[in-house]
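Asks: Quick one, what's the 3D model for this:
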Amino acid sequence: MWSRRWLALHVLAAATALAFAVRAQADDWQTVVGPDHRFRLEMPSPADKSTAETREKGHAAPRLAWESKRGGQIFDFDYVDYDPKWFTDRDSKAMAKELGRGEAEKAFPREKYKYLKDEAVTLQGWDGYALDIESEDGGLVMMRTFIVRDRLYRLLVTAQADMRSRSAAVRFLDSLRLAETRD
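Replies: Numbering: from 1, shown residues only. From the prediction side, this is the model:
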């Protein structure tokens, strides 16, 4: 009778330990919510928040950014508010591409890097741009840019060739949720 109780106790303890291990693995991610509650996303913790001191042309406020690192990966998210109506008179698809690509072709020449994704995307109806670039060793740089009214959101993540690293990158990119959906 004691051996059955002892066995049941060990099985219960092992199940509890497994549950804690799974939870600890999930808990190394944190949810970042915008100060104005207009967005949320997940990234590995700890995520360090910073504010840019300088403003570029058209910025209505300083750029806010969060960065975290995990196993050699970099996870960056930032947003900046532009002057009211900054994007209204412009083609948001073209602007998302221009702002999403930036200097990518100079930094990642096509002769050396493979462009896996280089296309317009949408998030909840808002225009955006996706750029995924792979190096010769299988490492990835994945970028997303979205324009929502007068706000620009940018995500950048690096990943190695392994599935765990790539899965974490996709989880980060796919986690962005906006408070507003465009009709």
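
Asks: Please, where are all the helices along the chain?
Replies: 2-26, 92-101, 104-107, 163-174 (DSSP state H).

Asks: The ones you listed: lowest mean pLDDT?
Replies: When those are compared on average pLDDT, helix 2-26 comes out lowest at a mean of 40.

Asks: For the protein, which segments are assigned as strands?
Replies: Secondary structure of the chain (DSSP state E): strands located at 29-33, 39-44, 48-51, 64-70, 73-81, 114-123, 126-134, 140-148, 151-159, 177-178.

Asks: shouldn't residue 64 be in contact with residue 79?
Replies: Yes - here residue 64 reaches residue 79: they are 6.0 Å apart, a contact under CB atoms under 8 Å. C-beta coordinates here come from the backbone N, C-alpha and C atoms, glycine included.

Asks: the more surrounded of the two?
Replies: residue 79 (19 against 16; other CB atoms under 10 Å).

Asks: got a pLDDT number for that one?
Replies: So residue 79 comes in at 96 (pLDDT).

Asks: Contact partners for it?
Replies: Residues near residue 79 by CB atoms under 8 Å, 6 or more residues apart in numbering: 34, 39, 63, 64, 151, 152, 153, 154.

Asks: who does it bridge with?
Replies: In this entry, residue 79 is beta-bridged to residue 64, residue 153, by DSSP bridges.

Asks: one step back: which one, of the strands of the chain, ends up nearest to residue 171?
Replies: strand 39-44 (6.7 Å; CB to CB).

Asks: contact partners of the closest one?
Replies: By CB under 8 Å, 6+ apart, strand 39-44 touches 28-34, 66, 68-70, 73, 75, 77, 79, 153, 155, 168, 171-172, 175-179.

Asks: of the residues you listed, buried ones?
Replies: Buried residues within the contacts of strand 39-44, counting neighbours by 16 or more other CB atoms under 10 Å: 29, 32, 66, 68, 73, 75, 77, 79, 153, 155, 168, 171-172, 175-176, 178.

Asks: quick check, nearest of the residues you listed to residue 126?
Replies: Comparing those against residue 126 with CB to CB picks out residue 178 as the nearest, at 6.8 Å.

Asks: Is it correct that that closest one is in contact with residue 126?
Replies: Yes - between residue 178 and residue 126 there is a contact at 6.8 Å, judged by CB under 8 Å.
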